[in-house]
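Trainee: Predicted model, plus sequence, below.
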Amino acid sequence: MIEQLSIMERQYVEWGTDLLPIQEEQKFVEAYLKLQKYRFGNRLSYIIEVEEGCEAYKIPKLSLVTFVENACVHGIEDKAAQCWIFVRVYQKQDELYMEIEDTGSGMPEAYLSILREKMEHASIEMLKQKGSVGMVNACLRLKMYTEEKVKFVLESEEHVGTMVTISIPVQVLE
C-alpha cells in the first residue's frame, strides 16, 4: 500500500510538466486501483488495456486518474455487489480513444445531462464553483491541450454503470 501511495503522491508533487506519456499515466491509474482494491476487496475488479502504439502519446497529467477516481467514488462506493472498472486506450483510424467504464451505480438522466454540460463547457469559472471540480479540471486541461479538439461522451444507466469516452485526433498529440 505504501508503495502504491508513493506512486500516487509522486504525480501530485512533480509538476515540471503537465504532460506525460500515457504509459506513465497508466502507472498512476494502476497504483490508484490497487489502493482501491485494498479498500474494496473482492467488490472491485479492474482491467487496464493500453493498445500497443498508444503508450507514448502525451496527455495532461491526471486525465485518466480523475475519471477512474470518479468511477470508484461515485460508481463503486455505494454498490454492495461486485463491480468492475475497465480502462481502455486505443487508436482507431486517426483518433485516440480513452474509455473509463464501471459497472457501478450509474446515474439518473437529469444528473447525466448536467455532467455532460460541464464536460462540454468546462471553464475556469466552473472551477470556482463547488462540486465536480476534478472532472471539470481534467476536461478543461484536455480542451486547452487539444485546442478544443477533444470530444467527451458520457453514458450511464442507473444501477448498471457509467462509461466516459474521450477522443482526441492523433495529429494533435504528435
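Mentor: That came through fine. Everything quoted here is computed from the prediction, not taken from an experiment. Numbers count the residues shown, from 1 in each chain.

Trainee: Excluding covalently adjacent residues, which one is nearest to residue 120?
Mentor: residue 152 (6.5 Å; Cβ to Cβ, 6 or more residues apart in numbering). C-beta: built from backbone N, CA, C; applies to glycine.

Trainee: Helix or strand next in line after the worst-scoring helix or strand of the chain on mean pLDDT, which one?
Mentor: One helix or strand of the chain scores below all others by mean pLDDT, DSSP states H and E: helix 2-13, with a mean of 60. Remark: after helix 2-13, the chain's next helix or strand is strand 19-21, criterion DSSP states H and E.

Trainee: Contacts for that next one, please.
Mentor: Residues from elsewhere that reach strand 19-21 (Cβ atoms under 8 Å, 6 or more residues apart in numbering): 55-61, 145.

Trainee: which among those end up buried?
Mentor: Among the contacts of strand 19-21, those classed as buried by 16 or more other Cβ atoms under 10 Å are 57-61, 145.

Trainee: Mind putting those residues into a markdown table with pLDDT and secondary structure?
Mentor: Below are the buried ones among the contacts of strand 19-21 laid out as a markdown table (pLDDT from 0 to 100; DSSP: H, G, I helix; E, B strand; the rest coil):
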| residue | pLDDT | secondary structure |
| --- | --- | --- |
| 57 | 97 | coil |
| 58 | 96 | strand |
| 59 | 96 | strand |
| 60 | 94 | strand |
| 61 | 89 | coil |
| 145 | 95 | helix |
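
Trainee: Looking at those residues, which is nearest residue 46?
Mentor: residue 59 (19.4 Å; Cβ to Cβ).

Trainee: how near is the closest one to residue 39?
Mentor: 26 Å (Cβ to Cβ, to the nearest Å).

Trainee: Just give me the residue right at the centre of this protein.
Mentor: residue 67 (2.6 Å; Cα atoms, centre = their mean).

Trainee: Show the pLDDT at that residue.
Mentor: Confidence at residue 67, expressed as pLDDT, is 96.

Trainee: likewise the one 10 residues further on?
Mentor: According to the predicted model, the pLDDT of residue 77 comes to 89.

Trainee: which ones are touching it?
Mentor: Per Cβ under 8 Å, 6+ apart, neighbours of residue 77: residue 104.
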